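Asks: Predicted model follows, preceded by the sequence.
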Amino acid sequence: MNGSEDFSDAASAQQGFDPSDRSSLVAVYSHYDAVMAEVLRLALGEQGIPAYVDNQRQAGLTGVLMVRIYVRGQDANRARQILGEHDATSQ
């Protein structure tokens, strides 16, 4: 991560992350659809995987800025599997 991501310490802590250790977070999804990213974040949460979506505050730039879902490194493989299954069922 390059520091430009929109991480808020309060939001990170709320999602089960240690805000002081962002290096352990892994991006598992990126897209321009912030609404879909939020739906997928909730789906991961239902499976016990805390996730954080960056760049949610897009205002009039919705669909212009890339959003990413981050999870803890230890959850990355399982999160990708769940996201892949979700993608397959939504087509």
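Replies: Nice, I can see it.
Asks: Check for me that Tyr29 belongs to a strand.
Replies: Yes. Counting by DSSP: H, G, I helix; E, B strand; the rest coil, Tyr29 is found in a strand.
Asks: in this structure, which spans are strands?
Replies: In the chain, the strands defined using DSSP state E lie at 25-31, 51-53, 67-72.
Asks: And these: which comes nearest Glu85?
Replies: strand 25-31 (12.9 Å; C-beta to C-beta). All C-beta atoms are positioned from the backbone trio N, CA, C, and that covers glycine.
Asks: Report the backbone C-alpha coordinates of the closest one in CSV.
Replies: C-alpha atoms of strand 25-31 as CSV (Å, rounded to 0.1, in the frame of the first residue of the first chain):
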residue,chain,number,x,y,z
LEU,A,25,-3.5,-6.3,5.2
VAL,A,26,-3.8,-7.8,1.7
ALA,A,27,-5.9,-6.4,-1.2
VAL,A,28,-8.3,-9.2,-2.4
TYR,A,29,-10.6,-7.3,-4.6
SER,A,30,-10.5,-4.1,-6.6
HIS,A,31,-13.2,-2.5,-8.8
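Asks: and that strand, what does it pack onto?
Replies: For strand 25-31, the elements it packs on are helix 34-46, strand 67-72, helix 76-89, judged by 3 or more C-beta pairs under 8 Å, 6 or more residues apart in numbering; DSSP states H and E.
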